[in-house]
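> Here's a sequence, model it:
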Amino acid sequence: MALSMKQQYRSEIGVVSEILQITMECGMQGIIISSIARRANLSHYTAMEKCQKLIDFGLMESRTDNKSRNFVITEKGIKFHHEIQKFLEIAQEIKIRY
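Now for the predicted structure:
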């Protein structure tokens, strides 16, 4: 099955930015991985892989309570997300593909 020419693939920075945005919207209570995967349109495995990378760099935290594991953005993650947004806006303005 051929993909449409209009199909756009997100860069890793786009995916990471989206995950950070989703976790930021959920606040301090956090969000479970299946919700991140669904909202970011990622497989469960890919979502876990990206979240683990963000945790490793201190941009997100994982919290376990009542048998569920929630992901929460950190202060550093919020700052990083704002910087990514600035970069993406400038890249779009000067038509750099990211």
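
> now the residue most central in space within the chain: how far from Glu93?
If you average the C-alpha coordinates of the chain and look for the closest C-alpha using Cα atoms, centre = their mean, you land on Ile19, 1.6 Å from that point. Using Cβ to Cβ, to the nearest Å, Ile19 is found at 24 Å from Glu93. C-beta here means a position set from N, CA and C on the backbone, and glycine is covered the same way.

> ok so, going back, correct me, but the residue nearest to the centre of the chain touches Ile36?
Yes - here Ile19 lies in contact with Ile36, judged by Cβ atoms under 8 Å, at a distance of 6.1 Å.

> anything in contact with each of those two?
Ala47, Cys51 (Cβ atoms under 8 Å, 6 or more residues apart in numbering).

> Do you know the pLDDT at Tyr98?
The pLDDT attached to Tyr98 in the predicted structure is 56.

> show me the contacts for Ile78.
Ile78 makes contacts with Leu20, Met24, as judged by Cβ under 8 Å, 6+ apart.

> again, only using 7 Å
The neighbourhood of Ile78, defined by Cβ atoms under 7 Å, 6 or more residues apart in numbering, consists of Met24.

> Tell me the spacing between it and Glu25.
Between Ile78 and Glu25 the distance, using Cβ to Cβ, works out to 11 Å.

> tell me the contacts of the residue nearest to the centre of the chain?
Neighbours of Ile19 in contact, by Cβ under 7 Å, 6+ apart: Ile36, Ala40, Lys50, Cys51, Leu54.
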